[in-house]
Each structure stands twice: as C-alpha cells, then as structure tokens.
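**Student:** heads up, no residue letters with this:
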DNA sequence: CACCAGGTAGGAT
DNA sequence: ATCCTACATGGT
C-alpha cells in the first residue's frame, strides 16, 4: 500500500470503516498513554480508545503490520485526530536537534514515540488542577468519575462500556463535586466552572498572547506555576512551556548537576521536558515498560 | 501507622 | 521575595 490521500502533509489510506495511517517512529500510542499528559486514553486487547471533546475513536494495529487503523470518518480524521495527535508536526526535526545531549539521545531511544497532543484547554485545566499532590493512576480515576457523572454519553467502546465526554463548565456549574474523591481540589474546580465557558477558554488561543493566557491561569485558585505550564503546553500547545514538577527537579539535580536551561530548545522545550520526564521516571523504576 | 503522589494558598519571616 | 505548612484521598 503506497500513496493515498494527503491532509496537512499526512499521508493516509481510506478504507471502508476507517483510515489507515502508516506507522511512524515518532508516534507510539502506549508511550503517549503513559506519558502523563493525557488521562483518558485506554488500551484493551491492543486497541486504544481516545476521547476529545465529543469525539471518540478506536485505534488498532492491523495484522499485516506497518499501519494503524483509525475507526473514524475521513472528516473526523482530518479535522479532529490529525490536529489532536499533532501529526502535521515533524518530531524527527526536534529529535535531531536534541542528540547533542546524551541523556536526551537515550530518552529518544526509549521514548521517541511521544508527541505533544493538542488537547482541550478546559479539560487540561481541570485535569491538572486534580494532578497536584496526586499520582497518575488516581488522576485517571478522578477524571473518569467526573466524566461518568457529569459528561454526555457520546459512544460505546463496547456493549458494556459507555464513553462520556469530559464535562464542560456549563455541565459542572453549580454542582457539588465533594463526593468524587477529588479531595480539597473539588472546591477549586467548582469555582473554575463559573469563570468561563469551554469555548471562551478555547478561543483565548486566538485572541491572547501566551503570556496573557498564562497570567489569567495564574490568577485562578488552584493553578500555580507548574499546573499553568502544563495547561499551556498540553491545552494551548505552547511548545516553549517547560513544566517543572518533582521528577523534573530531581532529574535536573541528578543528570544536569542542578542546572538545565530549556531556552536551549526554543520552540520545543515542552517536548524535551516530556522525554526527560518519561525516561527519568523509567530509570527510577517508577513506570513499568 | 507512617509516608507519598506531575503543588498551591495563605501566612510568617 | 523567599520559606513554611496544611491540605483530601487512596495506595504501599
């Protein structure tokens, strides 16, 4: 199979029931699922299910190999999933600029399939407010409970497994979130639901500078420097954002003798951060391969 | 029963 | 400005 359709420089094949996309060393769904930037990708029997907004897709690896199969329309593939997975960006270019650093060169060997997803800003705001002083499996559970309780039913992954959208500010407004296991973060999210609707958070990207958006984020209770940087990177795709959490700080101590300047990687510092985060955690035995 | 998890707010130096 | 501590919940 060669040639095919092209959208945003992405070459794909259209077949009945979905889309075939050639496999690519800079796109590994398992690595992305485990990277801690998204909390809603699930894997069952080798099939990944992904939700963004009110869209849902299953992605599998066909027997013959070399391709990923997307269970979606061509329209959704072009307008939802190519942007979501940032497929129009060439991550090999970033990687080539990173190999002068031996730790990053190793990180590419093990986690070069990570990309920076383009996720919904509001979903990132809530998810990363939940993330503070919390661990990744529990963040997942909290997000899932929120969706199940207040999101909209949008699809069925299987006969017994319904898929819910992430609840919008409108859907959360006025709700009591104290029984979802969110702990002290529930109040922050209850208040955030009043600040803006989902579309307003989204279109801020077109109206405001990155500095202005970050400033607005930092004014919210429950959002500090680290969470704001995560929202900027994963929600607003501000690739120069370099979130510093406990792992990144430990890594900088261990690997870079206490000083690392993300400015050296202008334009993709957030990608560098994700590879450092994933690789360093794996070295510390925090994640199982 | 301590300690920890992709931190932050609010108060005291 | 920088340092300190409480903070909900669930898992080792």
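**Tutor:** All right, it came through fine. Quantities reported herein were computed from a predicted structural model and do not represent experimental measurements.

**Student:** just the strands in the stretch 151-289 of chain A please.
**Tutor:** According to DSSP state E, counting those that start in this stretch, the stretch 151-289 of chain A carries its strands in the segments A:153-158, A:161-164.

**Student:** Quick one, which of these gets closest to DNA strand C.
**Tutor:** Relative to DNA strand C, the nearest member of the strands of the stretch 151-289 of chain A by Cβ to the nearest atom of the strand is strand A:161-164, separated by 19.7 Å. For glycine as for every other residue, the C-beta is placed from the backbone atoms N, C-alpha and C.

**Student:** Give the buried residues for that closest one.
**Tutor:** A:163-164 (16 or more other Cβ atoms under 10 Å).

**Student:** Then stretch A:153-172?
**Tutor:** Neighbour-count burial for stretch A:153-172 [16+ other Cβ under 10 Å]: A:155, A:163-169, A:171-172.

**Student:** among the residues you listed, which two are most distant?
**Tutor:** Checked with Cβ to Cβ, these reach their widest spread between A:155 and A:169, with 22.1 Å between them.

**Student:** The strands of the stretch 151-289 of chain A: which one's closest to residue A:265?
**Tutor:** Nearest of the strands of the stretch 151-289 of chain A to residue A:265, taken as Cβ to Cβ: strand A:161-164 at 36.0 Å.

**Student:** Averaged pLDDT, that closest one. What do you get?
**Tutor:** The average pLDDT within strand A:161-164 is 97.

**Student:** Can you give me the neighbour number for the residue in chain A that DNA strand B sits nearest to?
**Tutor:** Chain A approaches DNA strand B most closely through residue A:224 (2.5 Å), counting by Cβ to the nearest atom of the strand. Summarising burial for residue A:224: neighbours were counted as other Cβ atoms under 10 Å, giving 13.

**Student:** returning to that earlier point: how about JSON lines for the buried residues of stretch A:153-172, with distance to DNA strand C added?
**Tutor:** Output for the buried residues of stretch A:153-172, formatted as JSON lines (distance: Cβ to the nearest atom of the strand, whole Å):
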{"residue": "A:155", "distance to DNA strand C": "27"}
{"residue": "A:163", "distance to DNA strand C": "23"}
{"residue": "A:164", "distance to DNA strand C": "20"}
{"residue": "A:165", "distance to DNA strand C": "23"}
{"residue": "A:166", "distance to DNA strand C": "20"}
{"residue": "A:167", "distance to DNA strand C": "19"}
{"residue": "A:168", "distance to DNA strand C": "24"}
{"residue": "A:169", "distance to DNA strand C": "22"}
{"residue": "A:171", "distance to DNA strand C": "21"}
{"residue": "A:172", "distance to DNA strand C": "17"}
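
**Student:** and of the residues you listed, the nearest to residue A:190?
**Tutor:** residue A:172 (7.4 Å).

**Student:** Apart from its neighbours in sequence, what residue is nearest that closest one?
**Tutor:** Excluding the flanking residues, the one nearest residue A:172 by Cβ to Cβ, 6 or more residues apart in numbering is residue A:193, at 4.1 Å.

**Student:** Tell me who's in contact with that neighbour.
**Tutor:** By Cβ atoms under 8 Å, 6 or more residues apart in numbering, the contact set of residue A:193 is A:169-170, A:172-175.
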